[in-house]
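1. here's a sequence, model it:
(2 chains)
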Amino acid sequence: MIYLDNNATTPCDPRVVEAMLPYFFEHPGNAASRSHPFGWEAEEAVDYAREQIAQLIGAEDKEIIFTSGATESNNLALKGVFEMYARKGNHIITVETEHKAILDTCRHLEKMGAEVTYLKVNSEGLINLADLEAAIRPTTILVSVMWANNETGVIQPMREIAAICEKHGVLFHSDATQAVGKIPTFPREVGIHLMSFTAHKMYGPKGVGALYVSRKNPRVKVTAQMDGGGHERGMRSGTLNVPGIVGFGKAAEIARQSMAEESERLRRMRDRLESALLQLEETQVNGSREHRMPHVTNISFKHVEGEGLMMTFNQNIAVSSGSACTSASLEPSYVLVAMGLGDDLAHSSIRFSLGRFTTEEDIDFAIEAVTKGVNHMREISPIWEMYKEGVDLSKIEWAAH
Amino acid sequence: MAYSSKVLDHFQNPRNVGVLDKSKKNVGTGLVGAPECGDVMRLQIEVDEETGVIRDAKFKTFGCGSAIASSSLATEWLKGKTIEEALKIDNMDIVEELALPPVKIHCSVLAEDAIKAAIEDYKRKNGLLEAPSQAAEQAVTA
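-> Predicted coordinates:
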């Protein structure tokens, strides 16, 4: 089985698993227990992991707030800022192609009295900086823009966005879930004040993430969204997931050491996969190819439905589709639609996301299997046949259902 | 969500993929769905004019595995049936046979629509439409 769905989640690196194991039984302490060695050991392990993670993103260890994952980090950042800075204003700016953890949180905040601007993206998936600047009001308290998109890998102009936020004195949050551990992500250097990320997208365990919260210039605070023991500098109560955090730390350390080499290896393989699949007629890459993560490609195979295509090879290869035929809504990817793709092309898209354990042989196999699958699905596709006969599909009065 | 073995079988070995000659008077064609919705089915029947029995059926489908399996199964069921028998095929029969989950029921609805559209086209070509409904008339002129 070939796994090309690393944007959904990555396998936990065996070195990470090994680092975690002693913290289940041998060192079972609660990091908040101050009165005995079990607690001290756990606290020490958490402190070490916090340092490993801080190093990966060029932050101070106290700026790392542990959470259960990126969804919680995004909720804490947006809701926490909205509450903490309520006196300054109620306006938040974000982007149409954000993850649901941002968009649904914004929808929730709108019900609580927030005003939210959703910036549009161009056909490359990038925001327009002039639109961003024009959207800023005196009541704007937060700009939230993801570092890299989960479906396309498109990277937003983070430094330029930060400069605009700096100029207007607005806090800048980024959901960097897909970027951290894979490309350099230094929030302080770039000018990001809050940054969400998670272990399981960087070969760590599921169920543990972090929110970077700037401690100086500016000193940012977020209102806790859970009441309890006041852990994590009062911003996130709850007993720390010690084995998970230890694994997160180890994953961060490995990522930092291997990033430069690994991202080049992935880029080479991704480019090889992409150019081989683009040999097929009527295919296109979705999103900017210039501003993009090295391990992702999102390709539309015209006149082939994505889920059907996946079914031709999903006994052997795991990928994702922008066709939402498996979801309850039956709506195709809102990210691709926001980029101006027609619903038909969105239904025809497949996301390939490579990872640390992807090999050249995997790519060879994927090229062959996907090519075969596309050709097969086109043979049985009535709209491919019509396209080949020169029928203008846009002129047909389809009965939408 | 795993697919049923019957969906997998029809998907991996689709029956009756192909095209019938549209210009023939005894061939009826139904094209339903829309690319924007992620499903397009084209189902064709060839009717024995003497007996009124469907002699052959072919399909091509753009869609997910369940849509392809639904249309493949439909062509299998159509062969050997009279027009009247064919009109009795209900989408829930397809759901049952293929064990489609609720989220895939629309695939069976589309297959039933395709059957009805192909039969209507055949009837129209052969002057068999008794008092066409307003909707059908609109479809003809569209």
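
2. alpha carbons only for contacts and neighbour counts from here, please
-> Noted.

3. any idea how far the longest helix along chain B is from the middle of the chain?
-> When chain B is parsed with DSSP state H, its longest helix is helix B:105-125. Mean C-alpha position of helix B:105-125 versus that of the full chain (Cα atoms, centre = their mean, to the nearest Å) differs by 5 Å.

4. and it, what's buried?
-> Across helix B:105-125, burial judged by 16 or more other Cα atoms under 10 Å in any protein chain shown covers B:105-124.

5. also stretch A:7-22?
-> Under 16+ other Cα under 10 Å, the buried positions of stretch A:7-22 are A:7, A:9-13, A:16-17, A:19-20.

6. quick one: mean pLDDT for that stretch?
-> Mean pLDDT, stretch A:7-22: 98.

7. ends of that stretch, how far apart?
-> Taking Cα to Cα, to the nearest Å, the first and last residues of stretch A:7-22 lie 29 Å apart.

8. distance from it to the middle of the chain?
-> Using Cα atoms, centre = their mean, the offset of stretch A:7-22 from its chain centre is 18 Å.

9. before we move on, what about stretch A:84-104?
-> The answer for stretch A:84-104 is 17 Å, by Cα atoms, centre = their mean.

10. right, and the helix or strand after whatever helix or strand A:Arg159 lives in?
-> A:Arg159 belongs to helix A:158-168 when assigned by DSSP states H and E. Downstream of helix A:158-168, the first helix or strand assigned by DSSP H and E is strand A:171-175.

11. okay, helices next: where are they in chain A?
-> Using DSSP H, the helices found in chain A span residues A:14-20, A:37-56, A:70-84, A:100-111, A:129-135, A:158-168, A:187-190, A:242-277, A:306-313, A:334-338, A:343-347, A:360-379, A:382-388.

12. OK, contacts around the residue in the stretch 151-300 of chain A that chain B sits nearest to?
-> Here the stretch 151-300 of chain A gets closest to chain B at one residue, A:Ser300, 13.0 Å apart by Cα to the nearest Cα. Neighbour list for A:Ser300: A:283-286, A:345-346, A:348-350 [criterion: Cα atoms under 8 Å, 6 or more residues apart in numbering or on different chains].

13. burial measure for the residue nearest to it when sequence neighbours are not counted, as a count.
-> In this structure, A:Ser300 finds its nearest non-sequential neighbour in A:Ser349, 3.9 Å apart by Cα to Cα, 6 or more residues apart in numbering or on different chains. When neighbours are defined as other Cα atoms under 10 Å in any protein chain shown, A:Ser349 has 29 of them.

14. didn't A:Ser349 look like it was pressed against A:Ser323?
-> Yes: contact criterion Cα atoms under 8 Å: A:Ser349 and A:Ser323 qualify, at 6.6 Å.

15. what sits in contact with each of the two?
-> Common neighbours of A:Ser349 and A:Ser323 (Cα under 8 Å, 6+ apart) are A:305-306.

16. for chain B, which residues are neighbours of chain A?
-> Within chain B, the positions adjacent to chain A are B:12, B:17-18, B:32-42, B:59-65, B:103, B:142 by Cα under 8 Å from any Cα of the partner chain.

17. cross those against helices and list the overlap.
-> Members of the residues of chain B next to chain A lying in helices (criterion: DSSP H): B:12, B:65.

18. residues contacting B:Leu8?
-> B:65, B:69.

19. most tightly packed of the helices of chain A?
-> Here the criterion is mean neighbour count by mean count of other Cα atoms under 10 Å in any protein chain shown, and of the helices of chain A the winner is helix A:343-347, at a mean of 28.

20. so which elements touch that helix?
-> strand A:296-301, helix A:334-338 (3 or more Cα pairs under 8 Å, 6 or more residues apart in numbering or on different chains; DSSP states H and E).
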